[in-house]
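Novice: Generate a structure from the sequence data that follows.
(2 chains, ligands or ions: 2)
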Amino acid sequence: MAARTDRPAESRVSKTVVFETRNLTKTYRMGEVEIHALRGVDIDLYAGELVVMLGASGSGKSTLLNIMGGLDTATGGRVRYRDQDLTRASDTALTEFRRDHVGFVFQFYNLIASLTARENVAIVTDISRDPMTPEEALGLVGLEDRMDHFPSQLSGGEQQRVAIARAIAKQPAVLLCDEPTGALDSKTGIRVLEALEHINRELQTTVAIITHNEVIGEMADRVVRLHDGRVADIHVNARRCAPAELHW
Amino acid sequence: MRALDRKLFRDLSALKGQAAAIAAVIASGVMTLIIAVSTMDALSLTQQRFYQEHHFADVFADLKRAPDSLTERLREIPGVNQVETRVQAAVRLEVPGFADPVRALLLSIPDGRQPLLNQLHLREGRLPDSSRSDEVAISDAFAEAHGLRAGDALRVIINGRMTTLRVSGVVLSPEFIYQIAPTDLLPDYERYGILWMNRRALAHAYGMDGAFNNVVVSLQAGASVAAVIDHLDRRLARYGGVGAYGREDQSSHRFLHEELRQLRAQAAILPTIFLLVSAFLLNVVMGRIIRSQREQVAVLKAFGYRNRDIAAHYGMLTGLIVLAGCVLGVALGVWAGTHLAAMYTEYFRFPELRFRLQAWVLVLAVAVAAGAAMLGTLRSVWRSVSLPPAEAMRPEPPARFRRSALERIVPNRWLDQGTRIILRNLGRHPVKAGLSVLGIAMSVGLLVMGAYQLHAVDYMLDTQYRLVLRMDVDLTFTDPTPARVVSELRHQPGVLGVETYRSAPVRLLAGHREYRTAILGLEERPRLRQLLDVRNQPQRLPPDGLLLTEYLARDLGLEVGDSVQVEVLEGHRRVVRLPLVGVVEEPLGVSAYMRRDALNRMLREGPVVSGAWLLVDRSLEPALFDRLRDLPGVAGIGMIADAERNIREYMGDTILMFALVFVLLAGSIAFAVVYNNARIALAERARELATLQVLGYSRAEVSAILVGEIMALTVVALPVGWAIGTGFAWALNQAFSMDMFRIPLVLTPGAYGFATAAVLGASAVAAVLVVRRLHRLDKISVLKAVE
Ligand SMILES: Nc1ncnc2c1ncn2[C@@H]1O[C@H](COP(=O)(O)OP(=O)(O)OP(=O)(O)O)[C@@H](O)[C@H]1O
Ligand SMILES: [Mg+2]
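Specialist: Ligands and ions are numbered 1, 2, ... in the order given. Below you'll find the model as predicted:
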């Protein structure tokens, strides 16, 4: 891949690299079988950019995101966050890294069933340095009037929005989202994307979004395609669409 | 409140039934621990203090008669600190308004003052006035039994003359904390008392002026008891000494010591059982919770919660359950301990015995409970924190199922779909199913043990009073009496049968072990006092040789055919070797037996007897007692029925009470284990069962799968539990084997049946509860929720 073509076009994105992976590999061993989830990924993410990652099911998207977020460790290669080498970080260091810098939105919402929407957000703001209030965060995803509902009393889309509120409430430096709109209709999906775009624009948060939905790529600075554990293609958008302009 | 703490309380409230069951088991453990340790502590502390403040003697000796001038020479024995000589006499007395014969020990104290050793603790009144020869201080248990107060009168037969004595005061003595007549097994405060009288008056009445027939000594620090006993024996031999003995052979001290030994065993065994069960339950429950929350743990970790935060979170959940258990257990322990202390003061006469919860006992109890909880939850908590978050976030892979072994054995068409699901569920987690089985089996075992105790005590007493002691009345004579007394006794009113016996105090020596007891000389085929063999059949006495209670033979390390050294502690004080020719099975007391004529020969005496057993017509008893009381040579008249009533009461107060509490606790454990298993089965199967119902299975069919799984575990656990219970009973039987009684190892089908019924009942109740829960479950939300 030509290094020149994979820079984001717009000047508002700085040239500071926040994530840098080199020849990143991840192998799962299941008994006799080895599954190569990542087969050498080289990618840089820049401060303040919004990246969309596309790829077939099983291509390694979640695995890559988990390793960058310090949830998992690579089998080989390197991954750096600013000047910190995550490849060699201890468990404690990774915990601190996640606590201080990263917000996650998971593919399967992963809300805590015994806590209300507000409390699910509070669980993160309780341990953050400079968080918004849970109410503000839920307001950003349009859930002001559902704050005291338990997950079982919310629809799938509402649960996903609570998960996003939970991720953005700590005002993280990076936001890693694994199919944030997977379970949502297009109207709600766009609402969620607007919230993510808002965070990215207002707070200069670096945002990575995994999706199967090609259309979402249009709102990104760059679109990264994974295929069979490798980066197949990086496309730089000349212009970012606003989420409201998207249709699917 | 932090959101994580809210989660803690919500999880706890979702768990309240299970948490309460576990807390109850922890409470049982804490309670038994507090009771046993506190009571043991209070008893031994009070004993020590009483001994010290009232100068309890170290060595005791009876003799025929020695001049006061010997006292000085006894004081010179190396190691001896203080010497107190006394005059003592066994007397009979009459208490106004009480018809039965009463025996008493009359003991001298220096005129008008406290003795040097075995000082008296005044409860009421004062010591006998130095100038009065008709005043006595009486033991408080005896006073209490008859409602006697200072100033009341007693009629005592002193050396054959009826004398009226006045009670000057009511006292306690370190020598008679456990106040028991020489040949009895249990205290009988109505029929046996201790009286203290001025030395001069008592000596005078028995022609013992300037002499003594009992001596007690205290030792210097570090002196050897055995050496002093040896010395004393040699000095006293000429004066008819019957062998000095130390505290461990002093009856009051010995009983107290045995009691403490038992408490120590209980303090170790019972709380251990309860707390292990709680550890087990916590393990199962916390394991399940943490497993079901693995994704939540992963989310927390993803957002930067540290391992210690998460460990603290689950630790706190356990902590709250343990805390509830401890609070309940301490409250129950204090309550029960207070009652127990009151009961102990009935049997052990101390100046005061109060239940106190000492700080260290509290700390110990809480530490042990917390330790058990740690043991139970450490693994689960560790597993939760060591989960890599990315891993945990993925839905758990579908479990790997296999056809179970049973399915392979049993032809396919015999098994319906439901049975197959049950078998595969159990086969899928064999370790977990095994643990559940073990948990239920433990509670079956505890119930078997409880039922065993309840029954075995009855069995033991029935054996003793129906098979061994078949007489109605036990007469003891003041001195050996010619055997022809039989014909005189046979003609007393209401006497249906008479059998005489000779009894001689001895010291038995085998190797370096020794034991003080009495040899009973009996007829060849005693009918009123049977000697049982292992099959509970009466045995004949061979013409020569010695038989011992089986427990005593084992204690001395003797087998039939070995020879025993016998030191006779009266008369010529002969030392002979006798072969052990047999053992006698009897649950109460320990003794040695031989033919009466052989015993007479060994003692170098003619055909004399020490007492007689009578079979009497109950309706003529009053007349008979009137006559017996007037017979000159009769020292004591014991009624076996009274003794039996006494001991049954004692057992009811102590062992049976305990066994009953135990059965209740074991029942609660059984329920806790079964109910927890059932709840977990429900939690793990909810999704599957809901799916089946959506697919068209009826409520009944779905319930049958759940109940089937619960019952399958119970049924497998039953035989294991019977085996465990048998082991428990055996252990208890070992712990409760002592001089006073041995609870026999008789396990009836009833005990197993009881345990089985109780656990099946608990399973049924648990099954009903979870089935109701199953039907209340919202099927849609169960299916919708992402596991
Ligand atoms: N813990 C694991 N153990 C074994 N194999 C795993 C594990 N996690 C992921 N894999 C495998 O690694 C490969 C990449 O998985 P990953 O979850 O990254 O895919 P993905 O691109 O996110 O797919 P999807 O779009 O379906 O979410 C897959 O083949 C997956 O089966
Ligand atoms: Mg994925």
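
Novice: Could you pull up the contacting residues of residue 148?
Specialist: I'll assume chain A. Listed by Cβ atoms under 8 Å, 6 or more residues apart in numbering or on different chains, the contact partners of A:Asp148 are A:116-118. C-beta here means a position set from N, CA and C on the backbone, and glycine is covered the same way.

Novice: that's the wrong chain, I meant chain B
Specialist: The contact partners of B:Leu148, by Cβ under 8 Å, 6+ apart, come to B:95, B:138, B:142, B:154, B:167, B:170.

Novice: 6 Å instead, please
Specialist: If you count contacts by Cβ atoms under 6 Å, 6 or more residues apart in numbering or on different chains, B:Leu148 has them with B:Val167.

Novice: Same check on B:Leu320?
Specialist: In this structure, B:Leu320 makes contact with no residue, judged by Cβ under 6 Å, 6+ apart.

Novice: Repeat that for B:Gly246.
Specialist: When contacts are taken as Cβ under 6 Å, 6+ apart, B:Gly246 is in contact with B:59, B:225.

Novice: remind me which residues of chain A are low pLDDT?
Specialist: In the predicted model of chain A, residues A:1-14 satisfy pLDDT under 70.

Novice: In the stretch 451-600 of chain B, what residue comes closest to ligand 1?
Specialist: Across the stretch 451-600 of chain B, the shortest distance to ligand 1 (Cβ to the nearest ligand atom) belongs to B:Ala451, at 52.0 Å.

Novice: For that residue, pull up the helix or strand it's in.
Specialist: Here B:Ala451, judged by DSSP states H and E, is contained in helix B:430-462.

Novice: now that helix, how far from the centre of its chain.
Specialist: Shown here is helix B:430-462, whose average C-alpha point lies 18 Å from the average C-alpha point of the whole chain (Cα atoms, centre = their mean, to the nearest Å).

Novice: which element follows that helix toward the C-terminus?
Specialist: Towards the C-terminus, the helix or strand next in line after helix B:430-462, according to DSSP H and E, is strand B:473-482.

Novice: Which neighbours in the sheet does that following strand have, and how are they oriented?
Specialist: With DSSP bridges as the criterion, the sheet partners recorded for strand B:473-482 are strand B:608-616 (antiparallel), strand B:634-639 (antiparallel).

Novice: Only the buried residues of it, if you could.
Specialist: Of the residues in strand B:473-482, those buried under the neighbour-count criterion (16 or more other Cβ atoms under 10 Å in any protein chain shown) are B:473-478, B:480-481.

Novice: Which helix or strand lies directly C-terminal to it?
Specialist: Moving toward the C-terminus from strand B:473-482, the next element (DSSP H and E) is helix B:485-490.

Novice: Now do the buried residues in that next one.
Specialist: Of the residues in helix B:485-490, those buried under the neighbour-count criterion (16+ other Cβ under 10 Å) are B:485, B:489.

Novice: by contact count, what packs against the next helix-or-strand element following it?
Specialist: Moving toward the C-terminus from helix B:485-490, the next helix or strand (DSSP H and E) is strand B:495-510. Taking 3 or more Cβ pairs under 6 Å, 6 or more residues apart in numbering or on different chains; DSSP states H and E as the contact definition, the neighbouring helices and strands of strand B:495-510 are helix B:485-490, strand B:513-522, strand B:563-568, strand B:608-616.

Novice: Please save the CA atoms from the helix or strand following the third one in CSV.
Specialist: Secondary structure here is assigned by DSSP H and E; on that basis, the next helix or strand after strand B:563-568 toward the C-terminus is strand B:575-584. Taking Å, rounded to 0.1, in the frame of the first residue of the first chain, the C-alpha atoms of strand B:575-584 are listed here in CSV:
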residue,chain,number,x,y,z
VAL,B,575,-0.6,-57.9,94.9
VAL,B,576,-1.5,-60.8,92.5
ARG,B,577,-1.4,-61.5,88.8
LEU,B,578,-4.6,-62.7,87.2
PRO,B,579,-5.2,-63.9,83.7
LEU,B,580,-7.8,-62.0,81.7
VAL,B,581,-10.3,-64.7,80.8
GLY,B,582,-12.9,-62.7,79.1
VAL,B,583,-14.4,-59.3,78.3
VAL,B,584,-17.8,-57.9,79.2
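
Novice: residue of chain A with the smallest distance to chain B?
Specialist: With Cβ to the nearest Cβ, the shortest gap between chain A and chain B falls at A:Arg99, namely 2.4 Å.

Novice: That residue reaches B:Gly304, doesn't it?
Specialist: Yes - in terms of Cβ atoms under 6 Å, A:Arg99 counts as a neighbour of B:Gly304; the distance is 2.4 Å.

Novice: residues of the one helix or strand B:Val661 maps to that come out buried?
Specialist: Counting by DSSP H and E, the secondary-structure element that holds B:Val661 is helix B:657-694. Within helix B:657-694, the residues that count as buried by 16+ other Cβ under 10 Å are B:658-659, B:661-663, B:665-686, B:689-690, B:692-693.

Novice: So is it next to chain A?
Specialist: No - residues of helix B:657-694 are not located near chain A by Cβ under 6 Å from any Cβ of the partner chain, the shortest gap being 12.9 Å.

Novice: What is that helix packed up against?
Specialist: helix B:16-53, helix B:251-292, helix B:430-462, helix B:699-735, helix B:749-776, helix B:779-784.

Novice: Checking whatever residue of the stretch 251-400 of chain B ends up closest to chain A next. Helix, strand or coil?
Specialist: Of the stretch 251-400 of chain B, the residue with the smallest distance to chain A, taken as Cβ to the nearest Cβ, is B:Gly304 at 2.4 Å. Of the three states, B:Gly304 takes coil under DSSP: H, G, I helix; E, B strand; the rest coil.

Novice: That one: what's it in contact with?
Specialist: A:95, A:98-99.

Novice: So among the buried residues of strand B:473-482, where is pLDDT lowest?
Specialist: The pLDDT minimum for these sits at B:Thr478, where the score is 81.

Novice: So that one sits against B:Pro632, correct?
Specialist: No - between B:Thr478 and B:Pro632 there is no contact under Cβ under 6 Å: 8.3 Å.

Novice: Distance check, A:Glu78 against A:Thr87.
Specialist: Not Glu; residue A:78 is Arg. Summarising the geometry, the distance separating A:Arg78 from A:Thr87, computed by Cβ to Cβ, to the nearest Å, is 5 Å.

Novice: Kindly report the same for B:Phe671.
Specialist: Using Cβ to Cβ, one gets 53 Å for the distance from B:Phe671 to A:Thr87.
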